[in-house]
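> Fold the following for me, if possible:
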Amino acid sequence: MSNKTPICVDLDGSLIHSDLLLESFLLLIKRNPLYLLLVPFWLLRGKAVLKAEIAARVELNGAALPYTQAFVAWLREQKQQGRALWLCTASDHRLAQAVADHLQIFDGVLASDGQTNLSGSNKAKALVARFGEKGFDYCGNHRVDLKVWGHARQAVVVNGAAGLVKQAQSVTALGPVFEAPVVGLRAVTKALRVHQWAKNALIFVPLATAHRLNDGGALFHSLLAFAAFSLCASSVYLLNDMLDLESDRQHHSKCRRPFASGQLSLLFGLVMAPGLLVAAIALSCLLPWQFLGVLAAYYVVTLAYSFKLKRVVMIDVLVLAGLYTVRIVAGAAAAAIPLSFWLLMFSIFIFLSLAIVKRYAELYVMREKGKLTASGRGYQVADLSILQNLGTASGYISILVLALYVNSPDIAVMYGHPKVVWALVPVMLYWISRIWMETHRGNMHDDPLVYAMKDRISLLTGGAAVAVMWLAM
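Alright, predicted model coming up:
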């Protein structure tokens, strides 16, 4: 008899490692950020209304969610044994139905309907009305589910916090327990992309090229700028990952990102993103006002990239190149160093080449997987050859700019042995050629700068370049 008891399944945090309200909210603001102005008015009319208004304006892909795989497998086993499965969630009915349509294991769906928020006591009343007191087993993950478990025949704890199992056992019989995956500091640092902070070392380039690394005041300002830029960048990374959940989940490697995989709560990201931005602005107030202007421009352009520009062919790589270059501009603003025309031109072309490397590497993987387009991008596999031509040309133009600089009168002012700087030209020519050769062979990381920081040959090449500059001084 017990094996015929219906199983009622909670969705948010249990069936999936996420929350459909937050998922749909992010889909909404990605569609149009101006909806943020309406959200408070919807919430004033009640949480059920808020969920319904958001659900009516978005389309949820039920296949692109981080399901609790072990739990789903158990549910399928129970279904094969003849037990009825019901999806019972506080999420809006439209979104819950999309999940049920994808899994195709549920006999029915009970969810919020725009009037009643089906959570806690409301959910308990609805389940008792349909199945009777102690007439169902309930699967949940949160303390609010204790109100439901008190009326259930058995509690199935899924992804519950420490101590929840004992609390559930105190109100009803305990069934199977599916432990929550351990989320460590590594997931947090991965979400913040701390390893990407190395890119912000570009802030020190104006200081180095002006030969002012021994200037204590300018160096301190550059360190503050590095910290502010790193915090701001992490804020953007969090927001970008949350807005790009669906396409990341379809990517061969990005699907393992903390938000896409469900390792980290979206609520964590929604709190941390503005928090990091505020901290970055606070640090910027200690620097010249020009730096804050550059940081603001970086943030605005990055937001535009996240919402729209990343899906526009060629505009995306031009923006990426600009975002790398703006770090050099920020370093000059922080240390009050005049910008060099030669440095800016070299930066634009070298970073455009590397930005195209990034897109080429993504498309190469798509081709190997038999796909024709890159998810969330405007590129097609057929574009590989033209991207390679554009990328190598841009890389070689950057070397030409370097060669012209070495041959200009400006070089004699900065270096005691200016002819030695000529050695930089073949060093850089070798490096950019090798980068493109590795990319063409499919050996390139998603991010060429991350690849360079781990690649022994690239590190040796960088060391050679530093040695040349030192000898030239």
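
> mind checking how far residue 132 is from residue 9?
To residue 9, residue 132 is 18 Å away according to C-beta to C-beta, to the nearest Å. Glycine gets a C-beta too; all of them are placed from N, C-alpha and C.

> Show me which of those two is the more surrounded one.
Legend: neighbour count by other C-beta atoms under 10 Å for residue 132 and residue 9, higher for residue 9 (26 against 11).

> is it true that residue 337 lies in a strand?
No - under DSSP: H, G, I helix; E, B strand; the rest coil, residue 337 sits outside any strand and is assigned coil.

> quick one: contacts for it?
Each residue near residue 337 by C-beta atoms under 8 Å, 6 or more residues apart in numbering is listed here: 206-207, 210, 212, 218, 331.

> please redo it, this time with the cut-off set to 7 Å
Residue 337 sits next to 206-207, 210, 212 when contact means C-beta atoms under 7 Å, 6 or more residues apart in numbering.

> And residue 27, which helix or strand is it part of?
Per DSSP states H and E: residue 27 is located in helix 20-31.

> typo on my end, it should be residue 89
Assigned by DSSP H and E, residue 89 falls in strand 85-92.

> now residue 118
Assignment of secondary structure by DSSP H and E places residue 118 within no helix or strand.

> neighbours around it, how many?
23.

> now residue 278
Neighbourhood size, residue 278 [other C-beta under 10 Å]: 10.

> quick thing: my sequence starts at 139, can you match it?
In the new numbering, first residue 139, that becomes residue 416.

> Which pLDDT value does the model give it?
Predicted confidence (pLDDT) for residue 416: 96.

> Kindly report the same for residue 140.
For residue 140, the model assigns a pLDDT of 48.

> now do residue 143
pLDDT, residue 143: 92.

> do residue 551 as well
Residue 551 is assigned 74 on the pLDDT scale.

> Dump whichever strand or helix holds it to PDB, restricted to CA.
Secondary structure from DSSP H and E places residue 551 in helix 548-552. The C-alpha atoms that make up helix 548-552 are tabulated as PDB, following Å, rounded to 0.1, in the frame of the first residue of the first chain:
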ATOM      1  CA  ASP A 548      60.300  59.200 -29.100                       C
ATOM      2  CA  ILE A 549      62.300  56.000 -28.400                       C
ATOM      3  CA  ALA A 550      65.500  57.900 -27.700                       C
ATOM      4  CA  VAL A 551      63.900  59.900 -24.900                       C
ATOM      5  CA  MET A 552      62.900  56.800 -23.000                       C
END
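
> next one: the next helix or strand after it to chain centre, how far?
Per DSSP H and E, helix 548-552 leads on to helix 562-578 as the next helix or strand towards the C-terminus. Centroid separation for helix 562-578 versus its chain: 29 Å, with C-alpha atoms, centre = their mean, to the nearest Å.

> Tell me which other helices or strands helix 562-578 touches.
helix 479-506, helix 522-544, helix 594-610 (3 or more C-beta pairs under 7 Å, 6 or more residues apart in numbering; DSSP states H and E).

> quick one, helices of the stretch 339-488 of the chain?
Using DSSP state H, counting those that start in this stretch, the helices found in the stretch 339-488 of the chain span residues 343-347, 354-381, 383-387, 396-399, 404-422, 427-445, 453-473, 479-506.

> got a list of contacts for the helix or strand bottoming out on mean pLDDT in the chain?
Ranking every helix and strand in the chain by mean pLDDT, DSSP states H and E puts helix 548-552 at the bottom, with a mean of 74. Among residues not part of helix 548-552, those counted as contacts by C-beta under 7 Å, 6+ apart are 349, 480, 543, 556, 559.
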